[in-house]
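Trainee: Dropping the sequence and predicted coords here.
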Amino acid sequence: MDVINGERPSREVLGTFPSGVVVVTSHDLSEPLGFTCQSFVSLSLNPLLISFTAARDSQTWPRIRAVGSFCVNILADDQREVSMAFAGSRSDRFTAARWWKSGPGGEPALHGACAWITCSLRDEFDGGDHTIVIGAVTGMSIDRRRTPLVFHRGEYASVLAG
């Protein structure tokens, strides 16, 4: 076993843990908002809470925070292009996916996702170069026909249903 130190090797080691891929969406008065996130977890069933992290240098998270509500879209295995569109700083992110207004606040839900979870912002905590966000679930929906998109060792993958 190798001892690993430094940023690049740390990414290599931490990347061995597969993660799902979500797009967190909301809207403000001028436009829909969204960003790709790999750090998403179900935090609590009672009360029903989720958590994700947003990069400290994100231009989108502060705008979603100001709205106070959002939708977590759990991407399906055929939505790699959607993930990539929302991962960058493009202004036309929402042209990569069809969407509709969901939840009590009309948060954007992406067509073709495995599941959608609408939330209100409950809390935030310092997480180094990220902000740890906790959302209180206000609604959810699932498409059981879809399988999730996975990110593993720096690449997209899919999970075999079964």
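Mentor: Cool, got the structure.

Trainee: quick one: low-confidence ranges for the protein?
Mentor: Across the chain, the ranges flagged by pLDDT under 70 are 1-9, 160-162.

Trainee: any chance you could map the strands in it?
Mentor: 19-20, 22-27, 32-37, 40-45, 48-55, 69-74, 99-102, 107-110, 115-127, 130-142, 149-152, 155-158 (DSSP state E).

Trainee: In CSV, list those strands along with mean neighbour count and distance to Val82.
Mentor: Using the backbone N, CA and C atoms, a C-beta is placed for each residue, glycine as well. Putting the strands of the chain into CSV (neighbours: other CB atoms under 10 Å; distance: least, CB to CB, whole Å) gives the following:
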stretch, mean neighbour count, distance to Val82
strand 19-20, 18, 13
strand 22-27, 26, 7
strand 32-37, 22, 8
strand 40-45, 13, 15
strand 48-55, 19, 17
strand 69-74, 26, 8
strand 99-102, 16, 10
strand 107-110, 26, 7
strand 115-127, 17, 13
strand 130-142, 17, 17
strand 149-152, 18, 9
strand 155-158, 13, 11
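
Trainee: got the contact list for the residue positioned nearest the centre of the chain?
Mentor: With distances taken as CA atoms, centre = their mean, Val22 lies nearest the centre of the chain, 3.1 Å away. With contact taken as CB atoms under 8 Å, 6 or more residues apart in numbering, Val22 is in contact with 36-38, 40, 52, 72-75.

Trainee: Could you rerun that using 6 Å?
Mentor: 37, 40, 72-74 (CB atoms under 6 Å, 6 or more residues apart in numbering).

Trainee: nearest residue to it other than its sequence neighbours?
Mentor: Leaving aside its chain neighbours, Val22 sits nearest to Phe40 (4.7 Å; criterion: CB to CB, 6 or more residues apart in numbering).

Trainee: if we can go back for a sec, could you dump the strands of the chain into CSV and include distance to Val13?
Mentor: CSV is the format used below for those (distance: least, CB to CB, whole Å):
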stretch, distance to Val13
strand 19-20, 14
strand 22-27, 23
strand 32-37, 20
strand 40-45, 19
strand 48-55, 18
strand 69-74, 25
strand 99-102, 35
strand 107-110, 31
strand 115-127, 18
strand 130-142, 18
strand 149-152, 13
strand 155-158, 16
